[in-house]
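coordinates only, no sequence provided:
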């Protein structure tokens, strides 16, 4: 395990030197195989230090994904960090921590009282989140009595007042 941290730091250095690097480029700099470099990058993504950009396609050929440090990781302050993602990746909202969706759902419902009662689909569309995740969240909130289920078919929910 002691070798892992210096190599992860080498992966960060590789991304500082070459923004928008591929897994193969990072692997070459770090001196590990592609699968190991991919694991390092996945861990750095999970830590919130690296952003993955989908490679897209060139005709029928899939282009490799690219990786960049997230703004704030440039400790020397030499640049603004990666440019915003384009295409599908730009429309994907950030991953939430456990329980964070609950606050977003209740907040959305309170901020849009004219739309009440809400279906899971309406809340999901407003938050740009998964229908299933929002539906599960609303059921969890109803079981904790933070929202009321006002109809069964279709399922509709309202924020508790009081």
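Arrived safely. On a predicted model such as this, the values are computed, not experimentally measured, just so you know.

surely residue 134 meets residue 123?
Yes: Residue 134 is in contact with residue 123 according to CB atoms under 8 Å; the separation is 5.0 Å. Where C-beta positions appear, they are placed from N, C-alpha and C, glycine not excepted.

need the overlap of contacts for these two.
residue 105 (CB atoms under 8 Å, 6 or more residues apart in numbering).

any idea how the protein splits into domains?
Split into domains by automatic domain parsing, the chain comes to 4-91, 100-159.

following the helix or strand of the chain with the lowest mean pLDDT, which helix or strand shows up next?
Least confident element among the helices and strands of the chain, by mean pLDDT, DSSP states H and E: helix 88-91 (a mean of 48). Toward the C-terminal end, the helix or strand that comes next after helix 88-91 (DSSP states H and E) is helix 100-111.

same for that following helix, what does it pack against?
Counting by 3 or more CB pairs under 8 Å, 6 or more residues apart in numbering; DSSP states H and E, the packing neighbours recorded for helix 100-111 are helix 120-127, helix 131-143, strand 147-151, strand 156-159.

could you export those as TSV, including mean neighbour count and distance to residue 11?
Formatted as TSV, the helices and strands packed on helix 100-111 follow (neighbours: other CB atoms under 10 Å; distance: least, CB to CB, whole Å):
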stretch	mean neighbour count	distance to residue 11
helix 120-127	18	33
helix 131-143	17	31
strand 147-151	15	43
strand 156-159	20	44
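
redo these as JSON lines? Include mean pLDDT and distance to residue 110.
Output for the helices and strands packed on helix 100-111, formatted as JSON lines (pLDDT from 0 to 100; distance: least, CB to CB, whole Å):
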{"stretch": "helix 120-127", "mean pLDDT": "91", "distance to residue 110": "12"}
{"stretch": "helix 131-143", "mean pLDDT": "94", "distance to residue 110": "12"}
{"stretch": "strand 147-151", "mean pLDDT": "94", "distance to residue 110": "10"}
{"stretch": "strand 156-159", "mean pLDDT": "94", "distance to residue 110": "6"}
